[in-house]
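J.: I would like the atomic coordinates for the input below:
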Amino acid sequence: MADSDKVFSGSIPELYDAYLVPLIFDSYARDIADRAVALAPQSVIETATGTGVMTRALSPRLSSDAYYVATDLNQPMLDHARNAQGADERITWRQADAQDLPFDDRAFDVVVCQFGVMFFPNRIAGYAEARRVQKPGGKFIFSVWDRIEANEFAHIVAETAVSIFPDDPPGFLPRTPHGYHVVKMIRDDLGQVGYSRVSVDTREEISSAPSPRDPAVAYCEGAPLRNEIESRDASLLGRVTEKATQAIAEKFGHGPVAGKIRAHIMTAER
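T.: This next block holds a predicted model:
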């Protein structure tokens, strides 16, 4: 993973929340929230909170005396999440590294992480920390994207970026968000830290947007792919976005668009 893959700054958090969240994250956030709520947890920690889509989906459905800790390594994303959430005394916002959590052993009933583990430089350390802060019998529920070819808008945008920079192709999308999708590998990594009871649910959804430009902006300007584009030639960001818009329109039409997305939902019990 490149250093730029972890940089969510400038206008990225706002564009991420406005475009990417409704495009690909909302439905999976609701799904994980359903799974967590079914466990009736009194204490929840979320790692890699991002702009807070998971927090907004889950926290309102917890009991009035529940304790929810939302963490992220990236302060601008966490600030955006807190501002979008509104006041809630049950929620503590904390900048923290998921690979080195500043919390006691066995402190939480449930650990949730939506599409974050792919960004961990050391996933084994992240899994070990999740297990450490879980109570016995607690659950670690997280999601990862399936291969990029199974996620149609992301695949088109990635190919578009390569066509603009053929000699130095940006690789963020296939490398990081879609680079950790082999279920056996994930199971093996979880097993290394002591998780022996792991279940997986592969879910395909339909990603919808009002126009082909929306997914192009989402991926090109609201994600770290933007950092890769701008590091090569900042003047070409608009061109990549427009070419991706055209490519999406050619396949899905010029009006509202809908493409397939697919992810694995993993549940590991301590």
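J.: And the pLDDT at the closest residue to L73 other than its chain neighbours?
T.: Nearest residue to L73 in three dimensions, chain neighbours excluded: D97, at 5.3 Å (CB to CB, 6 or more residues apart in numbering). C-beta: built from backbone N, CA, C; applies to glycine. pLDDT recorded at D97 is 96.
J.: same check, this time on T241
T.: For T241, pLDDT reads 98.
J.: One more: S9?
T.: pLDDT at S9 comes out at 49.
J.: Going by neighbour count, which residues of the helix or strand V240 falls within are buried?
T.: Per DSSP states H and E: V240 is located in helix 237-252. Buried residues in helix 237-252, counting neighbours by 16 or more other CB atoms under 10 Å, are found at 237, 240-241, 243-245, 247-249, 252.
J.: Give me the next element, helix or strand, following that helix.
T.: Next element after helix 237-252 (DSSP H and E): strand 257-269.
J.: so what strands line up beside that next one?
T.: With DSSP bridges as the test, strand 257-269 is paired with strand 134-145 (antiparallel), strand 197-209 (antiparallel).
J.: Would you format those strands as JSON lines with mean neighbour count included?
T.: Output for the strands paired with strand 257-269, formatted as JSON lines (neighbours: other CB atoms under 10 Å):
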{"stretch": "strand 134-145", "mean neighbour count": "20"}
{"stretch": "strand 197-209", "mean neighbour count": "14"}
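J.: Ok, which of those strands comes nearest Y180?
T.: Closest approach to Y180 among the strands paired with strand 257-269 is made by strand 134-145 (5.6 Å; CB to CB).
J.: chain center to the helix or strand following that closest one, what's the gap?
T.: Once the chain leaves strand 134-145, the next helix or strand it forms, by DSSP H and E, is helix 152-164. Between the centre of helix 152-164 and the centre of its host chain there is 19 Å, according to CA atoms, centre = their mean, to the nearest Å.
J.: which helices and strands sit right next to helix 152-164?
T.: Applying 3 or more CB pairs under 8 Å, 6 or more residues apart in numbering; DSSP states H and E, one finds that helix 152-164 makes contact with helix 172-175, strand 197-209, helix 213-221, helix 225-233, helix 237-252, strand 257-269.
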